[in-house]
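Chemist: Only the shape, not the letters, is given here:
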Ligand SMILES: Nc1ncnc2c1ncn2[C@@H]1O[C@H](COP(=O)(O)OP(=O)(O)OP(=O)(O)O)[C@@H](O)[C@H]1O
């Protein structure tokens, strides 16, 4: 986009402002009514809500695969409804559930799709493809020449992400990007994706059905109900700790306390001093690791205790009850 803000690292990311957007389909279905939402540059926001609440419609309005019938959408301070849609889409990466790779093109050619459309030289495109495949954890010499059917589901998904990042977009839109792979691969892809995001710091809007995924990935989560109504827009911890409406309370469910542990770190506040006779047999938990991982360790500790370490040095004792108390809903 012209006038797109660049951050200090020279990487580009634009804020997104949805200003009272609405979509009424030609058959009269009002998929989204008057939704306003702001996503900061470099932020990862997850849209979640029951099937049919309008998540995909919202996402596709941002890159104008669907035209809004009311309201404005700004990238940075430019109105996307005034932009040329084809040019706009080249500036916005888009990743969908089954990736949509071109089956008769190699991985390298798939990733180079947008750079080619933008008229990059062959050398520049080739170099970029190499960088991106490395970035998503695929060896370019090994995978660049393969065809999509020669990859696993998780590898295809990584190629999809690499392709979406190819032309250094200001925004990345992801519609259920990890839901087509099995749960173990999904968790690994999510972890890799968080590492990738820490590096590229794109503004990302991600749609999912999976609350655990939303909690793991989102800087903020927007919970939508029918008609794209915004029920709550908050950090995962606040959402799980203080659901704003009965709808959200029901949506996040009775086990929200346990979910909250995923995004709660083990801090010094929950530690007790290590007794002088602390058994060397106690399992070990890392300071700053998630309370959820700590609970997994504590559940297998016969005494319900673990030693907490920082950079390998013991710094305190953690009891199972302290972690369970963190899971108690505050409301
Ligand atoms: N082209 C269309 N014409 C008419 N109605 C549509 C069209 N596309 C979507 N809808 C309707 O708009 C509403 C929102 O659909 P949308 O796909 O945005 O929801 P969603 O939250 O992404 O759903 P899911 O989670 O099931 O993918 C639904 O009632 C859907 O039936």
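Modeler: On my side now, so go ahead. On a predicted model such as this, the values are computed, not experimentally measured, just so you know.

Chemist: Outline the domain layout of this structure.
Modeler: Under the assignment automatic domain parsing, the domains of the chain span 16-254, 264-326.

Chemist: Could you dump those domains into a markdown table and include mean neighbour count and mean pLDDT?
Modeler: C-beta: built from backbone N, CA, C; applies to glycine. Formatted as a markdown table, those follow (neighbours: other C-beta atoms under 10 Å; pLDDT from 0 to 100):
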| stretch | mean neighbour count | mean pLDDT |
| --- | --- | --- |
| domain 16-254 | 18 | 89 |
| domain 264-326 | 15 | 88 |
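
Chemist: Residue 38 - nearest residue in space that isn't next to it in sequence?
Modeler: residue 17 (5.1 Å; C-beta to C-beta, 6 or more residues apart in numbering).

Chemist: Kindly report the same for residue 249.
Modeler: Residue 249 sits nearest to residue 243 (C-beta to C-beta, 6+ apart), 4.0 Å away.

Chemist: got it, and residue 282?
Modeler: Leaving out its chain neighbours, the residue that sits closest to residue 282 by C-beta to C-beta, 6+ apart is residue 307, at 4.8 Å.

Chemist: The one you found and residue 286, how far apart?
Modeler: Distance of residue 307 to residue 286, computed by C-beta to C-beta, to the nearest Å: 10 Å.

Chemist: Next, residue 306: secondary structure please.
Modeler: The three-state label given to residue 306 by DSSP: H, G, I helix; E, B strand; the rest coil is strand.

Chemist: and the residue nearest the centre of the chain, what does it touch?
Modeler: In the chain, the centroid-proximal residue (C-alpha atoms, centre = their mean) is residue 217; its distance is 4.1 Å. Residue 217 makes contact with 44, 46, 190, 193-194, 206, 208, according to C-beta atoms under 8 Å, 6 or more residues apart in numbering.

Chemist: What are the contacting residues of whatever helix or strand residue 247 lives in?
Modeler: If you go by DSSP states H and E, residue 247 is part of helix 246-252. Here helix 246-252 makes contact (C-beta under 8 Å, 6+ apart) with 48-50, 211, 223, 225, 231-232, 239-240, 243, 259.

Chemist: Before I go, just wanted to say thanks for your time.
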